[in-house]
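Visitor: My questions are about this predicted structure, shown below with the sequence.
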Amino acid sequence: MFDALSDRLRATLANLTGKGRVSEADVDAAMREVRLALLEADVNYKVVKDFVARVRERAIGADILESLTAGQQVVKIVNEELTALLSAGDRTFHLQGNPAVVLLAGLQGSGKTTSAAKLARHVIKLGRRPLLVAADPYRPAAADQLETLGRSLDVPVHRAPAGTPVVDIVRGGIDAAHRQVRDVVILDTAGRLTVDAALMAEIADVAAATRPVETLLVVDAMTGQEAVTVAEAFAAAIPLTGLVLTKIDGDARGGAALSISAVTGLPVKFLGTGEKTDALEPFHPDRLAGRILGMGDVLTLVERAQEAFDEKQAAEMQEKLAKASFTLEDMLEQMQQIRKMGPLGQVISMVPGMGGLAKEAQAAVDRGELARTEAIIRAMTPRERRDPAVLNASRRRRIAAGSGTSLPEVNRLVKQFDEMRKLMKQFSGAQRRGAPAALMGRR
């Protein structure tokens, strides 16, 4: 979502960091570019105006302009102010009560039902026992979808017969939670195509009947400034505690995600980063700011890796890398594990300094290059994967035919793998000889 904005901001700030000392005119020129980049990303005009003013005021201080690292300090200021812009309200996800009631509200199509299932999965990871409640009596497909998602997570779903009033549905859900010893109840309420008085009155009745500890508004981040208007309308009707921004992985300009908290004062608590039930992240302003500015997001990367990689497998892989005994089977396994961490472009953007390569990496996936690599390895025999040295011309032709690729593609993969193994041997040899830490990539 933030690709275009990230590219603009990185290019603008790179011009500053390359100069060392900067003048007030340099800062003003950079701030003009920052202002344009944010406005083009559909960030609220008042938010942009205040943001640029704050950055400029801090950046033209005498101690900054006279510094030999002025450009780097301006980048640091932009990062801090962007983090502050995203940091409104209390972002803690509260689960007090037994059961703790979490109410999800929002317009139809915003992703409430999927978000309810994602939130249930998140709650399970916290050691809690959730119950999902299908509190949308107007759209039977919503209850069916929630039941399907609930089965995939092994989470029970409470639904009521057609015609049951919404307030009775949610009260029945809380009673079911007591009977089934479930300590978190997640209410998937009804949405409308637009904000209307009937919807607001119904949500208010549900909130009054259940007294939720969290009332989260699910907002489609791809709707731009309309998302801000929707959030303001819901906040006026019910006491919202936070926001869930969905479809962050989409290709919209992303301005709503940057300005919605600043305009409404409501904290963003979760980001929906994909369609699957594991594609929900607790919101960390500093991490998102780092991603947007190309500084990476190591903490989220580590968290995803811990979920995707088995600890024993990781230790075995580390030993193989140290001994340079890495095989094509290991390479295939690593590709499958990395895929579990999310879209490759998203993962690459979390590596510090690699933000500029994220788009290229995702484009390679979209072109099917990784799928072809996987197909080539799968077309090999176990012996060929373990020892590519046996791959003569006839074997390579057979692999190309079996994988639906070409002989040059097979040759290219084998060559790249050989070069990678040579590099590993040099690296492990340098370790054994006690090479200086700097050469080993350590500080």
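Guide: Received it, and whenever you're ready, just let me know what you need. Numbers count the residues shown, from 1 in each chain.

Visitor: quick one, strands of the stretch 151-300 of the chain?
Guide: Assigned strands in the stretch 151-300 of the chain, in chain order: 157-158, 184-189, 214-220, 242-246, 268-272, 280-282 (criterion: DSSP state E, counting those that start in this stretch).

Visitor: Looking at those strands, spot the one closest to Arg10.
Guide: Closest of these to Arg10 is strand 268-272, at 20.9 Å (criterion: C-beta to C-beta). Every residue, glycine included, has its C-beta placed from N, CA and C.

Visitor: packing partners for the closest one?
Guide: In terms of contacts (3 or more C-beta pairs under 8 Å, 6 or more residues apart in numbering; DSSP states H and E), strand 268-272 is packed against helix 112-125, strand 214-220, strand 242-246, helix 255-264, strand 280-282.

Visitor: which of the ones you listed sits most buried?
Guide: strand 242-246 (a mean of 27; mean count of other C-beta atoms under 10 Å).

Visitor: mean confidence score for that one?
Guide: Averaged over strand 242-246, pLDDT sits at 90.

Visitor: gap between that strand and the chain center?
Guide: 13 Å (C-alpha atoms, centre = their mean, to the nearest Å).

Visitor: what about Lys49, which helix or strand?
Guide: helix 45-59 (DSSP states H and E).

Visitor: give me phi/psi at Val155?
Guide: Phi and psi for Val155, reported as degrees, to the nearest 10, are phi -120, psi 130.

Visitor: Let me see the contact set for the closest residue to it other than its chain neighbours.
Guide: Closest residue in space to Val155, ignoring its immediate chain neighbours: Ala120 at 4.9 Å, by C-beta to C-beta, 6 or more residues apart in numbering. By C-beta atoms under 8 Å, 6 or more residues apart in numbering, the residues touching Ala120 are 130, 132, 150, 153, 155, 184, 186, 277.

Visitor: Out of those residues, the closest to Glu384 would be?
Guide: Nearest member of those to Glu384, counting by C-beta to C-beta, is Thr277, at 36.8 Å.

Visitor: quick one: contacts for that closest one?
Guide: Counted by C-beta under 8 Å, 6+ apart, Thr277 has contacts 114, 117-118, 120-121, 149, 152-153.

Visitor: repeat for Asp188
Guide: Counting by C-beta under 8 Å, 6+ apart, Asp188 touches 104, 112-113, 116, 132-136, 142, 146.

Visitor: And the helices in the stretch 101-250 of the chain?
Guide: 112-125, 140-153, 166-179, 197-210, 225-237 (DSSP state H, counting those that start in this stretch).

Visitor: next one: the stretch 251-400 of the chain
Guide: Going by DSSP H, counting those that start in this stretch, the stretch 251-400 of the chain shows helices at 255-264, 285-292, 298-308, 311-323, 328-340, 344-349, 358-366, 369-378, 382-386, 393-403.

Visitor: same for the first one, what does it pack against?
Guide: In this structure, helix 255-264 makes packing contacts with helix 45-59, helix 70-85, helix 225-237, strand 242-246, strand 268-272, judged by 3+ C-beta pairs under 8 Å, 6+ apart.

Visitor: can you list the ones you listed in TSV and add distance to Met335?
Guide: Below are these laid out as TSV (distance: least, C-beta to C-beta, whole Å):
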stretch	distance to Met335
helix 45-59	40
helix 70-85	33
helix 225-237	36
strand 242-246	28
strand 268-272	25
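
Visitor: which of the ones you listed is buried the deepest?
Guide: Ranked by mean neighbour count, these are led by strand 242-246 with a mean of 27 (mean count of other C-beta under 10 Å).

Visitor: Note down every partner strand of that strand and its orientation.
Guide: Applying DSSP bridges, strand 242-246 is found paired with strand 214-220 (parallel), strand 268-272 (parallel).

Visitor: Rebuild those as a markdown table, extending it with mean pLDDT and distance to Ala14.
Guide: Shown next, in a markdown table, are the strands paired with strand 242-246 (pLDDT from 0 to 100; distance: least, C-beta to C-beta, whole Å):
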| stretch | mean pLDDT | distance to Ala14 |
| --- | --- | --- |
| strand 214-220 | 91 | 32 |
| strand 268-272 | 90 | 27 |
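
Visitor: Indicate which one of the ones you listed is closest to Glu81.
Guide: strand 268-272 (16.9 Å).

Visitor: Report the angle between the closest one and helix 285-292.
Guide: 40 degrees (axes from the mean of the first three to the mean of the last three C-alpha atoms, to 10 degrees).

Visitor: Pull out the buried positions in stretch 404-418.
Guide: Neighbour-count burial for stretch 404-418, counted by 16 or more other C-beta atoms under 10 Å, picks out 405, 409-410, 413-414, 417.
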